[in-house]
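Visitor: The following comprises the amino acid sequence and a computationally predicted model.
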There are 4 protein chains.
Amino acid sequence: MSDIAKKPIGIIGASGYGGVQLVRLLFEHPGVEIVYLGGDSSAGKKYGSIYPHLAHCINLSVETIDLDEVANRCEAVFLGLPNGLACDIAPVLIAKGCKVLDLSADYRFSNLDTYTDWYKKERTDNEIAAQAVYGLPELNRKQIKEAQLIGCPGCYPTASLLALAPLLKQGLIDPSTAIIDAKSGTSGGGRQGKINMLLAEADNSLGAYGVASHRHTPEIEQICSDLARQEVTVQFTPHLIPMARGILSTVYATLRDPGLVREDLITIYNAFYRSSPFVTVLPNGVYPQTKWACGTNLAYIGIQVDPRTGRVIVLSAIDNLIKGQAGQAVQCLNLMMGWDEDMGLPKLAFYP
Amino acid sequence: MSDIAKKPIGIIGASGYGGVQLVRLLFEHPGVEIVYLGGDSSAGKKYGSIYPHLAHCINLSVETIDLDEVANRCEAVFLGLPNGLACDIAPVLIAKGCKVLDLSADYRFSNLDTYTDWYKKERTDNEIAAQAVYGLPELNRKQIKEAQLIGCPGCYPTASLLALAPLLKQGLIDPSTAIIDAKSGTSGGGRQGKINMLLAEADNSLGAYGVASHRHTPEIEQICSDLARQEVTVQFTPHLIPMARGILSTVYATLRDPGLVREDLITIYNAFYRSSPFVTVLPNGVYPQTKWACGTNLAYIGIQVDPRTGRVIVLSAIDNLIKGQAGQAVQCLNLMMGWDEDMGLPKLAFYP
Amino acid sequence: MSDIAKKPIGIIGASGYGGVQLVRLLFEHPGVEIVYLGGDSSAGKKYGSIYPHLAHCINLSVETIDLDEVANRCEAVFLGLPNGLACDIAPVLIAKGCKVLDLSADYRFSNLDTYTDWYKKERTDNEIAAQAVYGLPELNRKQIKEAQLIGCPGCYPTASLLALAPLLKQGLIDPSTAIIDAKSGTSGGGRQGKINMLLAEADNSLGAYGVASHRHTPEIEQICSDLARQEVTVQFTPHLIPMARGILSTVYATLRDPGLVREDLITIYNAFYRSSPFVTVLPNGVYPQTKWACGTNLAYIGIQVDPRTGRVIVLSAIDNLIKGQAGQAVQCLNLMMGWDEDMGLPKLAFYP
Amino acid sequence: MSDIAKKPIGIIGASGYGGVQLVRLLFEHPGVEIVYLGGDSSAGKKYGSIYPHLAHCINLSVETIDLDEVANRCEAVFLGLPNGLACDIAPVLIAKGCKVLDLSADYRFSNLDTYTDWYKKERTDNEIAAQAVYGLPELNRKQIKEAQLIGCPGCYPTASLLALAPLLKQGLIDPSTAIIDAKSGTSGGGRQGKINMLLAEADNSLGAYGVASHRHTPEIEQICSDLARQEVTVQFTPHLIPMARGILSTVYATLRDPGLVREDLITIYNAFYRSSPFVTVLPNGVYPQTKWACGTNLAYIGIQVDPRTGRVIVLSAIDNLIKGQAGQAVQCLNLMMGWDEDMGLPKLAFYP
């Protein structure tokens, strides 16, 4: 890339955990240069005062959000804002010719009524929303390449859909039996001072939340329905785990053909993800640890079949902030720019 | 209890995590006095050299295992040994008139063939085994009171069965749909120097193990089958969580009557556990944190119904080493001795 | 205690971590009954809605702070408020005849100018403050028994002073060489939603704060000066450790007599703390783990002498919320009431 | 580097934590290719069976240690063996023309008697040892460039010496007052199944060890003495912290000139480390968190002066396995090969 001009990019909402991953990844990305960091409450601050460990190398300040200025300076813009704000910003940037990658829920839904039901915000940007592509490259690689607007998937949906996609796409399971028991590190809750996210409360403890009511449910169901070519309802239960990063989705479903064995499924998964550089299907009897994926854009998938119950159990591990958020957005950017899909994205964890 | 002579008790296998909980609980128990600690590799050592934090108050040494001597001195004996040893020891102690509470798997199975299948040890003590009572007081209170030999439940089965029992007993679910996604702190792996249990490996990570093959499966199925009065096969998946203590079982099952709502089930659970001092059924919308139970003999149970899928989801949290092991054994002892069921057992966690 | 009427006590500021320890300890304390919980922002709430794990046994609500009512109902009152509030409340309660135990910094200083310098609040309650006793029973047992008002020590001062007291009292060290490198779990920061206390930020990390400027410095120096009968300046550096509970103070000082060996000092410490039921001086070569003290009112002290440097190194471990806060306050109450010093206070940790 | 042939390198002792960092770093290093992994107990195993998260990209097996073969294949060899083995291996490899970077203590000492005193192994390789350079590039950059044998520093010495070097080199402190209170994550204990390193024991706890007797003491003293041009004795106390990675050294020393202020020292440190790409001196009032350095080769240094006591307090944070071990070895390799000092070394952490 050394003789190609680096593309100027911006990040609106740079002070949260998604934002700081983007800054970290894009700072070392050979194809881009960060030329703009925007924020609201953090406007005017040196970025290094928000994240002191970066002060020696990131010499940018957070600017107020002026969309004309952003569009002037940036070829592509990442939006790392709370739900319900991107849908006001993206249409403006799109109109000015920017590529937009939204990390919130605003552009994940093909049916905006579903969005409004779960996120309680009316939407008027139907036309723009209709152009948005769901940014899961393993499923939508071709459409992402052509897109100007990406609705980047949630962290839980990423882990869960990578586990379910081959099964649903190939009709191997009864979709109504799908249960997703998901476990996440606390960074998924964002950089906000919530009592239940304090180390004193969350460490050495474990609990479920949003049981039968978490907002990632309709997002998972939409993509599952597309894959299965039928309406799919899933059971999704998130849990908070005493660790900073990582998601494990444990997925259960009843096989349509009880004769399928683990080896068959490993073969099917390997074929399904053959051209996906970030998905690693594990061999027989190996189940992923979330730490293996930490600090990388990888998804590790382990598969087991229980002949006693006729179920398949799939374990899927990602870093919730990389493959589950910022890394996946960069993966989408790579595709949109026509670059190698894995450019600038870490593929090896530090362990332990 | 001050004017009643304290009952002399012994612990064989006192150096592990189960053993040190027993020592801790029984040292402050008003009804007993620890008069014997036995072990193999630790024989001859001062107990305070194994657990230095106890040296100032526990002035006992670990003795070699001489069953005549044990039976002479002790009215009741706890066995905290690896699987496959208690079945050689218990018959001798029983014959000499001791009450025996075994913390291993040896006396948990009514069908010894099942034991041999899963634990790979032939058994010749059928007669003794037939007298053993499964030591889950919430289900077997009456039999425990009469028993001389208790097979104390495993940690995962305790959490899981407390969640499932009301549903199965009252026929509220289709048993074949039961899925138990269980999560445990690493102390469940015992005080052995295993690489995967090192803080460096296990902290900040999360993974499943023993998928479709964990030894607690047949134990859970046996009791579930008793409750349901039919052969029950369950899906059981344990996970290792980066924390020292605690188990959460997330249980899924399809309701037979889709009209049942959460409030109904809370009522049913409250009735089922009315006389169980250690089970706390949580109100609407509250789900347990494992930390709430830490250092106590409590089980916290949270219940949700998902009308979209027709499933009930039950969350059950215990301290794996107390209610899941040593505390439950003491609870059984209390019943066997005719004492208050909760005597000497902690009922309030320190939080956070 | 069964035939003695339980003393009615109240807690103002019951919703923080100090408050919930008090509730936990006093609920099981044989000599008292909690008859009042007071708070400001939490007024009107059921206590069990603030701490759901207690809902099944604590059936009290937080009331607004009405000092007449408090004094009417309570014989003794614990104040668990932010610094600067107790000094407005305590004089009123004292005047009405209550015993008052203040957990804040307000009554820890014999010189109120020092307080005002460090805590930025002018004081007008000099007369009341002059009656206050510094609530470290190991040093002030006799005065506490006679006191009506206790200024309970800070968590760092408790750990540090227990390590330093024998050395200073007996003139064994050059006070100007005293360095306290202290390490605390994050619960010391209280139940507030601070970003740096989030598990995502604080876990798997470690750092110093308040270097050469922490408010516990003058408190430590005041007591050290009393002990040494000369003005003492200490170096005190607190660190935040990725764990919920526990403090370790590592104390360095140069011995006046280079001929003293470790065994001498262990003898001296054992003598100094002979009648202190909560201080455990460890034998040769054993250094405390904070976990040994967790959930107890114990302080474990380990001692080493380095003949190469002429220094003594003392390690002191406590539970910051029990011996470092609420447990010590209860210990003071026991003394004030004429009860056994250790009544109702836990003396054995659950380990691991 | 794309048109330069990659240098073939080998790692003997690849299965430990140091080894897996080297594999991770060198796999992505543009100047080298890993052509040999050697081990003893792990010989014959696929590397991916030891570290399953690497199986999809590292297709090497661990080979038995045949030094002729190693020297044939490799231009440079890293030794990641327990103390006392490298001194038998390095001389052979040196004689065959390999560059050798030893991660053990064997080549850290200019005086082999000191080594033998502390490590209890007689040495006969004086001539080779005399050629070894202590691999701390910030102090010995020039000698490392010319060296064929590097004794890579210990993790604690790296953190501590980076904090102390400017003070000693410039005579700013009284060396006899130097106290190093060091805190390390548990990965420093290596990949061995030690009971005290289990998550169940080490998590949520904190303690000192090796007080006044840790083997890193003479290593630190040797370099301090070189810097101060006088015999220096330091007080060094290591602590085990409940986290996997990271070291913080808190260094205390009395300033010779009490008029020096913090700003002066920050200026001096910045000048001292001006050409050291991996040392970041923090601005006024900022103290490092170990997490900032995790997964990088950085050292963050924070400085405070306490005018009340006349002491300087320096905080130094590194990743014990990268800058404290494998990363620093790669940094040395870069210098030995004439490459950019920072080639292939990570400079930005993922946070949080």
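Guide: Perfect, thanks for sending it.

Visitor: what residues are up against the closest residue to residue A:154 other than its chain neighbours?
Guide: If the residues on either side of it in the chain are set aside, residue A:154 comes closest to residue A:216, at 4.9 Å by Cβ to Cβ, 6 or more residues apart in numbering or on different chains. Bear in mind the C-beta positions are built from the backbone N, C-alpha and C, glycine included. By Cβ atoms under 8 Å, 6 or more residues apart in numbering or on different chains, residue A:216 lies in contact with A:154, A:156, A:157, A:236, A:238.

Visitor: ditto for residue A:169
Guide: Counting by Cβ under 8 Å, 6+ apart, residue A:169 touches A:227, A:228, A:272.

Visitor: With residue A:344 instead?
Guide: Contacts of residue A:344 by Cβ under 8 Å, 6+ apart are A:25, A:26, A:28, A:29, A:30, A:31, A:32, A:330, A:334.

Visitor: ok, now with 10 Å
Guide: A:1, A:25-32, A:297, A:327, A:330-331, A:333-334 (Cβ atoms under 10 Å, 6 or more residues apart in numbering or on different chains).

Visitor: Roughly how far does the closest residue to chain C within chain A sit from residue C:199?
Guide: Chain C sits closest to residue A:193 of chain A, with a gap of 2.9 Å, by Cβ to the nearest Cβ. Relative to residue C:199, residue A:193 is positioned 12 Å away (Cβ to Cβ, to the nearest Å).

Visitor: More neighbours: which of those two?
Guide: Remark: of residue A:193 and residue C:199, residue C:199 carries more neighbours, 29 against 13, as counted by other Cβ atoms under 10 Å in any protein chain shown.

Visitor: you'd agree the more buried one is up against residue A:189?
Guide: Yes. The criterion here is Cβ atoms under 10 Å, and residue C:199 meets it with residue A:189 at 9.1 Å.

Visitor: Need the overlap of contacts for these two.
Guide: Residues touching both residue C:199 and residue A:189 by Cβ under 10 Å, 6+ apart: A:196, A:197, A:202, A:240.

Visitor: List the contacts of the third one.
Guide: The neighbourhood of residue A:202, defined by Cβ under 10 Å, 6+ apart, consists of A:185-186, A:189, A:194-196, A:240-244, B:289, B:291, B:352, C:198-200, C:203, C:244.

Visitor: so which of these are also by chain D?
Guide: A:185, A:186, A:242, A:244, C:198, C:199, C:200, C:203, C:244 (Cβ under 10 Å from any Cβ of the partner chain).

Visitor: And the residues you listed, which is closest to chain D?
Guide: Distances from chain D to the ones next to chain D among the contacts of residue A:202, taken by Cβ to the nearest Cβ, are shortest for residue C:200, at 4.3 Å.

Visitor: Work out for me the element that closest one sits within.
Guide: helix C:199-202 (DSSP states H and E).

Visitor: Please see if the very next helix or strand once past that helix touches chain D.
Guide: Sequence-wise, the next helix or strand downstream of helix C:199-202 (DSSP H and E) is strand C:207-208. Yes. Using Cβ under 10 Å from any Cβ, strand C:207-208 reaches chain D at C:207, C:208.

Visitor: Show me the helices in chain A, by range?
Guide: Using DSSP state H, the helices found in chain A span residues A:17-27, A:47-50, A:67-73, A:86-95, A:112-119, A:126-131, A:137-146, A:155-169, A:199-202, A:216-228, A:262-272, A:290-293, A:327-337.

Visitor: Can you add mean pLDDT and give the ones you listed back as TSV?
Guide: Listed next are those as TSV, based on pLDDT from 0 to 100:
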stretch	mean pLDDT
helix A:17-27	97
helix A:47-50	97
helix A:67-73	98
helix A:86-95	97
helix A:112-119	96
helix A:126-131	96
helix A:137-146	98
helix A:155-169	98
helix A:199-202	98
helix A:216-228	98
helix A:262-272	98
helix A:290-293	98
helix A:327-337	98
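
Visitor: can you tell which of those is closest to residue C:123?
Guide: helix A:199-202 (31.0 Å; Cβ to Cβ).

Visitor: Pull up the residues of the stretch 151-300 of chain A that are close to chain D.
Guide: A:185-187, A:191, A:203-204, A:242, A:244-245, A:279-283, A:286-289, A:291-296, A:298, A:300.

Visitor: same thing but 8 Å
Guide: A:187, A:191, A:203-204, A:244-245, A:280, A:282-283, A:286, A:289, A:291-295, A:300 (Cβ under 8 Å from any Cβ of the partner chain).

Visitor: Quick one: buried ones out of those residues?
Guide: Among those, those classed as buried by 16 or more other Cβ atoms under 10 Å in any protein chain shown are A:187, A:191, A:203-204, A:244-245, A:280, A:282, A:286, A:289, A:291-295, A:300.

Visitor: Which ones, among those residues, also lie beside chain C?
Guide: Okay, of these touching chain C (Cβ under 8 Å from any Cβ), that's A:187, A:191, A:203, A:204, A:244, A:245.

Visitor: Is it possible to get JSON lines of the helices of chain A that adds distance to residue C:222?
Guide: Shown next, in JSON lines, are those (distance: least, Cβ to Cβ, whole Å):
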{"stretch": "helix A:17-27", "distance to residue C:222": "43"}
{"stretch": "helix A:47-50", "distance to residue C:222": "36"}
{"stretch": "helix A:67-73", "distance to residue C:222": "56"}
{"stretch": "helix A:86-95", "distance to residue C:222": "56"}
{"stretch": "helix A:112-119", "distance to residue C:222": "56"}
{"stretch": "helix A:126-131", "distance to residue C:222": "65"}
{"stretch": "helix A:137-146", "distance to residue C:222": "63"}
{"stretch": "helix A:155-169", "distance to residue C:222": "51"}
{"stretch": "helix A:199-202", "distance to residue C:222": "29"}
{"stretch": "helix A:216-228", "distance to residue C:222": "55"}
{"stretch": "helix A:262-272", "distance to residue C:222": "67"}
{"stretch": "helix A:290-293", "distance to residue C:222": "47"}
{"stretch": "helix A:327-337", "distance to residue C:222": "53"}
